[in-house]
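Colleague: Everything below, folded, please.
(one chain, ligands or ions: 1)
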Amino acid sequence: MGQHHDHAGHDHAGHDHTDMDFAEMLPLLVREAELYTPSYREAAAWLREQQPEPGLIVDAGSGPGVISGLLAATFPGARVVAVDGAGPLLEEARARADRLGYGDRFSTLESELADGLGELEYPADLLWASRSLHHVGDQRAALAGFARGLAPGGTLALLEGGLPTRFLPRDIGIGRPGLQARIDAVHEEWFTRMRASLPGAAAEIEDWPALLASAGLRHTGTRTFLADLPAPLSDEARAFVVTSLTRRREGLAEGLDPDDLATLDRLLDPDDKASVHHRPDVFVLTAHTVYTATRTD
Ligand SMILES: C[S@@+](CC[C@H](N)C(=O)[O-])C[C@H]1O[C@@H](n2cnc3c(N)ncnc32)[C@H](O)[C@@H]1O
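Modeller: Reported below is the predicted structural model:
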């Protein structure tokens, strides 16, 4: 999937053009997944309770493969295949696997998720799909494709929903309190437009257990994992906040009122002591919900 392609890039912050370029997001995707590692590790440990010894793990919509690597570490006996539509992200996933020492049991597969999982050699015992399904126009059809890629008794783990990420207290001493809640509201509208613009877009109630059931799977559990980086932040976490808010500033500007835009500009100005570059009260707090289901037939 290249830059020209439909939704080939996801922008969490929400560029108003809903056409996406995931490859361009590589540094952000890596930093984000690395920051959220404790939360994903907990999720993987929970999955191990359901699926102790998977032979093949597929990471559908892996991006740069940070979570593929965590899964490889949690399941040292498993082969891991990272599937994604963005070739450059898979190259990074490959390099990461070699660097971190699981390259001999890791492979990548460039594939469009709308059509299923591509040419897997074996069906998956554990299929992980985090924040990728919502980029496919027809999520129900894609889930059916995921289900077809599962071995009998295999587990699908879908990370979707959860809570929006918060970086700032309600009252930050500049502008009108509640800025992030208003940004989130504008982002929700953007997300709706993004989904509507996807090829084959089908409106869907985001009842993930019901959708898993409609793919012929048995819903086995739902758990939410907190990602909690309190202030004071590390330099990496602060850089992530800067990048995320910058993308919101660029992408959601039309939906925000001038006062909020002025506040965002101050928050992003490195010369302003009240900016997120300097202020001591910046944090990263979010929650990731994982839905599991099993193939019973
Ligand atoms: C938001 S990123 C998530 C990356 C990773 N799973 C994570 O949670 O950090 C979404 C990923 O899904 C991929 N993707 C989105 N739509 C896709 C599609 N229709 N076919 C294949 N890959 C797709 C993107 O290239 C991107 O790597």
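Colleague: How about the residues of the stretch 1-150 of the chain by the ligand?
Modeller: In this structure, the stretch 1-150 of the chain approaches the ligand at residues 1, 7, 10, 22, 29, 33, 61-63, 67, 84-86, 89, 112-114, 130-132, 135-136, judged by CB under 6 Å from any ligand atom. Any C-beta I mention is one placed from the backbone N, CA and C, and that applies to glycine too.
Colleague: and the strand or helix carrying Thr286, C-alpha only, in PDB?
Modeller: Counting by DSSP states H and E, the element that carries Thr286 is strand 284-294. Once side chains and other backbone atoms are set aside, the C-alpha atoms of strand 284-294 remain, and they are given as PDB (Å, rounded to 0.1, in the frame of the first residue of the first chain):
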ATOM      1  CA  VAL A 284       0.200  10.300  28.900                       C
ATOM      2  CA  LEU A 285      -2.900   8.400  29.900                       C
ATOM      3  CA  THR A 286      -5.000   6.100  27.800                       C
ATOM      4  CA  ALA A 287      -6.700   2.700  27.900                       C
ATOM      5  CA  HIS A 288      -6.500  -0.100  25.400                       C
ATOM      6  CA  THR A 289      -9.400  -2.600  25.100                       C
ATOM      7  CA  VAL A 290      -8.800  -6.000  23.800                       C
ATOM      8  CA  TYR A 291     -11.600  -8.300  22.700                       C
ATOM      9  CA  THR A 292     -10.800 -12.000  22.300                       C
ATOM     10  CA  ALA A 293     -12.700 -14.700  20.400                       C
ATOM     11  CA  THR A 294     -12.000 -18.200  19.400                       C
END
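Colleague: Could you list every helix and strand in contact with that strand?
Modeller: Applying 3 or more CB pairs under 8 Å, 6 or more residues apart in numbering; DSSP states H and E, one finds that strand 284-294 contacts helix 37-50, strand 150-159, strand 163-166, helix 208-214, strand 218-229, helix 235-251.
Colleague: Look up the closest residue to Pro54, ignoring the ones flanking it.
Modeller: The spatially closest residue to Pro54, leaving aside those adjacent along the chain, is Asp125, at 3.5 Å (CB to CB, 6 or more residues apart in numbering).
Colleague: Enumerate every residue touching the one you found.
Modeller: Residues in contact with Asp125, defined by CB atoms under 8 Å, 6 or more residues apart in numbering, are Gln51, Pro54, Gly55, Leu56, Ile57, Ala78, Leu150, Ala151, Gly153, Gly154, Thr155.
Colleague: ok, then the element right after whichever helix or strand it is part of?
Modeller: Assigned by DSSP H and E, Asp125 falls within strand 124-130. On the C-terminal side of strand 124-130, the closest following helix or strand by DSSP H and E is helix 139-148.
Colleague: about what we covered before: who wins for neighbours among the contacts of Asp125?
Modeller: Ile57 (28 neighbours; other CB atoms under 10 Å).
Colleague: quick one on the thing from earlier: how about the helices and strands packed on strand 284-294, which one is nearest Arg279?
Modeller: Evaluated over those, closeness to Arg279 peaks at helix 235-251, with 9.6 Å, by CB to CB.
Colleague: quick check, distance from the helix or strand following the closest one to the centre of its chain.
Modeller: The helix or strand immediately downstream of helix 235-251 is helix 258-268, counting by DSSP H and E. For helix 258-268, the separation from the chain centroid amounts to 27 Å (computed by CA atoms, centre = their mean, to the nearest Å).
Colleague: what do you get for stretch 250-267?
Modeller: Using CA atoms, centre = their mean, the mean C-alpha position of stretch 250-267 is found 24 Å from that of the whole chain.
Colleague: what about stretch 182-193 and the ligand, any contact?
Modeller: No - applying CB under 6 Å from any ligand atom, one finds that stretch 182-193 is not in contact with the ligand, the shortest distance being 12.0 Å.
Colleague: which parts of that stretch are buried?
Modeller: Arg182, Ile183, Asp184, Val186, His187, Trp190 (16 or more other CB atoms under 10 Å).
Colleague: Let's see which of the residues of the stretch 1-150 of the chain next to the ligand end up in strands.
Modeller: When those are checked against strands using DSSP state E, the ones located there are Asp84, Ser130.
Colleague: Buried members of the residues of the stretch 1-150 of the chain next to the ligand into ChimeraX, please.
Modeller: The buried subset of these, as determined by 16+ other CB under 10 Å, is captured in ChimeraX by this line:
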select :1,7,10,22,29,33,61,62,63,67,84,85,86,89,112,113,114,130,131,132,135,136
